[in-house]
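need a structure here:
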Amino acid sequence: MRDNKTTVSTCTPKYHRAPDSYINITVAFGNGDGMIPLDKLGAFSNRLSLTNIASKADAYKPKPKTTYNMIKDYVFNKYSFNVHTAYIAEVKRSLGLPMFDAPNAVGTLKSPRKHPTPIQIVAIKEALSHFEVI
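Predicted coordinates:
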């Protein structure tokens, strides 16, 4: 009888330099918690349906990350005005959403920070709710 846990590995051509990193993936199939459930093809068959595996794997995929450009495009298409990424960051900060350190951030600003208008705040919040961030 086969074990429900399967380790998948790939073979790559040999190069003279070492790889930058390795990714180890362990997939657990079964009906338990945290396992990917599988259906059998028939009562007398032991093979698994690849279409069922693919469709159920799609259900486990995480949703794509929402980028500032996606939010800017949504606001422009719906409200016909542009918003700056700093405005999006300020609205996210005011909502208490997780923020990441920008690698290009400066220590002191050359000019005072401008704040978004109430209309821009409403548009950004609506875009964030559209992308299910809030």
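
all helices of this protein, in order?
Along the chain, the segments classed as helices by DSSP state H run 50-59, 68-79, 85-95, 118-130.

Same list (the ones you listed) but as a markdown table, adding mean neighbour count and distance to Pro103.
Where C-beta positions appear, they are placed from N, C-alpha and C, glycine not excepted. Supplementary listing: the helices of the chain in a markdown table, determined by neighbours: other Cβ atoms under 10 Å; distance: least, Cβ to Cβ, whole Å:
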| stretch | mean neighbour count | distance to Pro103 |
| --- | --- | --- |
| helix 50-59 | 11 | 33 |
| helix 68-79 | 15 | 15 |
| helix 85-95 | 16 | 14 |
| helix 118-130 | 17 | 23 |
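
Switch the ones you listed over to TSV; also include distance to Met35 and mean pLDDT.
Compiled in TSV, those are given as follows (distance: least, Cβ to Cβ, whole Å; pLDDT from 0 to 100):
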stretch	distance to Met35	mean pLDDT
helix 50-59	11	70
helix 68-79	33	93
helix 85-95	35	90
helix 118-130	33	93
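
So for Ser111, which of the ones you listed sits nearest?
Proximity to Ser111, assessed across the helices of the chain by Cβ to Cβ, is greatest for helix 85-95 (11.7 Å).

Tell me the helices and strands packed up against that closest one.
For helix 85-95, the elements it packs on are helix 68-79, helix 118-130, judged by 3 or more Cβ pairs under 8 Å, 6 or more residues apart in numbering; DSSP states H and E.

Cool, thanks, talk later.
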